[in-house]
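>>> I'll drop the sequence and a predicted model, then ask my questions.
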Amino acid sequence: MTEINQQGARKSASGLGDPNGVLPFPHVTGYWVNRLGAAFRTVVDREVKDFDLTRRQVAMMIHVERAESQRGDSPTASHLTRSLGVDSTAVTRMLDRLEEKGLLARSPDPSDGRRHLIGLTSEARTLLPKLKKTARKVEACFEAGIPVEDLRTFQRVMMQMLENAGESLDATIPHHD
């Protein structure tokens, strides 16, 4: 069981840290999650720069493709907002930019004229295998030397932490193509 003391430090029943069970700074989960996220974002941004895309744009394209294959239809902007964990204004800006680049297309939803369905263009479908290869290369760099079962446990723990924080998760542990 974990609790927060009056100073905001996390106490753990595991006994790590001082005799009172307060975790010392290097063991604070948020610190390491933030460091890992920052390192990952930096490397991905560097790797997709040659494609004239941002990591968020690449993520959006992959989410559109995944939604099409899993659900059998094109996602809406609100679906992308939920699955990417980004606010609707940011999603709209990304959609606009990807549409300008000829990688995504919006079409009216036949069942609800107020919504638009988001689909990949043929140019995006040609580019996606290269982007996925780049993503796999980055992940392989970060995952080097870590047993697969440890990676799966790490992913499950992160997903549980997100759920504990109140985040809704549309996806299961990702399987790489």
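Structure received. From a predicted model like this one, the values you see are computed outputs, not experimental measurements. Residues are numbered from 1 along each chain as shown.
>>> Export the strand or helix carrying E163 to CSV, keeping only CA atoms.
Secondary-structure assignment from DSSP states H and E places E163 in helix 148-164. Extracted C-alpha coordinates of helix 148-164, given in CSV (Å, rounded to 0.1, in the frame of the first residue of the first chain):
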residue,chain,number,x,y,z
VAL,A,148,10.2,-9.3,-23.3
GLU,A,149,8.3,-10.3,-20.2
ASP,A,150,9.8,-7.3,-18.3
LEU,A,151,8.7,-5.0,-21.1
ARG,A,152,5.1,-6.5,-21.0
THR,A,153,5.1,-6.0,-17.2
PHE,A,154,6.3,-2.5,-17.6
GLN,A,155,3.6,-1.7,-20.1
ARG,A,156,0.8,-3.3,-17.9
VAL,A,157,2.1,-1.3,-14.9
MET,A,158,2.0,2.0,-16.9
MET,A,159,-1.5,1.3,-18.2
GLN,A,160,-2.7,0.6,-14.6
MET,A,161,-1.1,3.8,-13.4
LEU,A,162,-2.9,5.7,-16.1
GLU,A,163,-6.2,4.0,-15.1
ASN,A,164,-5.4,4.9,-11.5
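>>> That one packs against which elements?
When contacts are defined as 3 or more CB pairs under 8 Å, 6 or more residues apart in numbering; DSSP states H and E, helix 148-164 sits against none of the other helices and strands. Every C-beta, even on glycine, is put in place using the N, C-alpha and C of the backbone.
>>> pLDDT on that helix, on average?
Helix 148-164 comes out with an average pLDDT of 93.
>>> How about stretch 59-71?
88.
>>> can you check stretch 96-111 too?
When pLDDT is averaged over stretch 96-111, the result is 93.
>>> same deal with stretch 135-144?
94.
>>> For it, C-alpha coordinates in CSV please.
Presented in CSV, the C-alpha positions along stretch 135-144 are these (Å, rounded to 0.1, in the frame of the first residue of the first chain):
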residue,chain,number,x,y,z
ALA,A,135,9.3,3.7,-34.8
ARG,A,136,10.4,0.1,-34.3
LYS,A,137,14.0,1.2,-34.6
VAL,A,138,13.5,3.8,-31.9
GLU,A,139,11.7,1.3,-29.6
ALA,A,140,14.4,-1.3,-30.2
CYS,A,141,17.0,1.2,-29.1
PHE,A,142,15.1,1.9,-25.9
GLU,A,143,14.2,-1.8,-25.2
ALA,A,144,17.7,-3.2,-25.9
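>>> can you list contacts of that stretch?
Outside of stretch 135-144, the residues that reach it under the criterion CB atoms under 8 Å, 6 or more residues apart in numbering are 36, 39-40, 43-44, 47, 58, 62, 151, 176.
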